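**Student:** Just the structure for this:
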Amino acid sequence: MAVDKDLLELDLYGLLGVGEKASEKEVKKAYRQKALTCHPDKNPDKPRAAEVFHQLSQALAVLTDAAARAAYDKVRRAKHQAAERTRRLDEKRKKVKLDLEAREREAQTHESEEEEIKITRSLEQEIIRLREEGSRQLEEQQRLIQEQIRLEREQHLQGRQARNGAEGRITPKLKLKWKCRREDETRGGYSEDVLLQILQKYGEVLNLIISSRKTGSAVVEFATVKAAEMAVKNEVGLINNPLKISWLEGQPQHSPSTVPSDSTSQPRTSQ
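**Tutor:** The predicted structure is shown next:
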C-alpha cells in the first residue's frame, strides 16, 4: 500500500483516537471501529468518507510497523518541541533582548531544521519500505472489515425476509355480494345462519361479517386457502338470488379473482 508524505501533517494518534503509548492491538481495534463508520461501501453518498478511510488506512500502516512508527514519533516530537520552544521564547521576549533572542532563535531554528530534515528522511525511507513491501496487516484489517460488512448485510437481509414471511401469512378472505333492497328485512334471503350453512360445507369459517352500511355485502374468512378456492369456484348461492364471490385477501396466484353468478359450469347451489 502506498503511504503519502502528507501524513507528516496529520496527527495519526488523534485520527485513530488512541494515545501515543497505545499497543498494536489497541491501534488495530481503534482502526476497525473508526473505519467501519466511514467505509466507502457504507457511505456511498459521502465523498469525504473515502478520504478519511484512506487516512485511517495510512495511520494503521505506520502505527503497526515498529520502524515506521518510531520514525513518525521522532518527527512528531520534534514538531512539538519546536512549538514549545517558540512558545517559551515568545513568553520571554522583551524589547531589550530582541536582538539577542533573534540570533538565538536563528541558531536554534537552524539546528532544529537540520534535525527535522534528518528524522524526516528516516520516516520517508520507512514509507518507501512500506510501499515496496505492502502492508499485510492493513490488508488483513480491511479483509476483516469487509467480512463484517458482509455479515451485517446478510443479517439485515435475513431479518427483512423473516418480516416479509411473517407478513405473508394471511388467512384467505372473500367478498360476498348479492341483490338486496335496503328495506328488505330478509336481506335478500341471506341471513348469517344461511350464509354459514352455505359456506361451511367447504371448510372451517373463522369469521363472517355482514355489512351494516352496505346492503347485500359480506366478508367471510376461511381457515384454509383450499376452502376459499372451492367456495370461489363452486358456490353461486340461492337460485333466486345468486351470490357473486371474489377474493379480498390471501388469493393464490393461480386462482381467478372472481367467479360471476352466471358461470356456464355446473356449480353447487343452496336452496
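
**Student:** Residue 219 contacts residue 199, doesn't it?
**Tutor:** No. No contact is recorded between residue 219 and residue 199 when judged using C-beta atoms under 8 Å, the distance being 11.4 Å. Backbone N, C-alpha and C define where each C-beta goes, glycine included.

**Student:** Common neighbours of these two, please.
**Tutor:** residue 208 (C-beta atoms under 8 Å, 6 or more residues apart in numbering).

**Student:** who's more crowded, those two?
**Tutor:** Taking neighbours as other C-beta atoms under 10 Å, residue 219 and residue 199 compare with residue 199 leading, 26 against 15.

**Student:** Spit out the contact partners of the more buried one.
**Tutor:** 205, 208, 220, 222, 231, 235 are the contacts of residue 199 under C-beta under 8 Å, 6+ apart.

**Student:** quick one: the helices in the chain?
**Tutor:** Chain-ordered helices for the chain, with DSSP state H as the definition, fall at 12-16, 24-38, 47-63, 66-92, 98-133, 136-168, 192-199, 225-234.

**Student:** just so I know, which of those helices lies nearest residue 215?
**Tutor:** Across the helices of the chain, residue 215 has its closest neighbour in helix 192-199 (14.1 Å, C-beta to C-beta).

**Student:** how about the CA coordinates for the closest one, as CSV?
**Tutor:** Presented in CSV, the C-alpha positions along helix 192-199 are these (Å, rounded to 0.1, in the frame of the first residue of the first chain):
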residue,chain,number,x,y,z
GLU,A,192,-75.9,-15.0,9.0
ASP,A,193,-77.2,-18.6,9.5
VAL,A,194,-77.9,-19.0,5.8
LEU,A,195,-74.5,-17.8,4.8
LEU,A,196,-72.8,-20.1,7.3
GLN,A,197,-74.8,-23.0,6.1
ILE,A,198,-73.8,-22.3,2.5
LEU,A,199,-70.1,-21.7,3.2
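
**Student:** quick one: that helix to helix 225-234, angle?
**Tutor:** Between the axes of helix 192-199 and helix 225-234, defined by axes from the mean of the first three to the mean of the last three C-alpha atoms, to 10 degrees, the angle is 100 degrees.

**Student:** buried residues in helix 192-199?
**Tutor:** 194, 195, 198, 199 (16 or more other C-beta atoms under 10 Å).

**Student:** List the beta-bridge partners for the closest residue to residue 171 other than its chain neighbours.
**Tutor:** Nearest-residue entry for residue 171: residue 221, 5.6 Å, with adjacent residues in sequence omitted and distances by C-beta to C-beta, 6 or more residues apart in numbering. Applying DSSP bridges to residue 221 gives these bridge partners: residue 173, residue 207.

**Student:** how near is residue 221 to residue 188?
**Tutor:** 21 Å (C-beta to C-beta, to the nearest Å).
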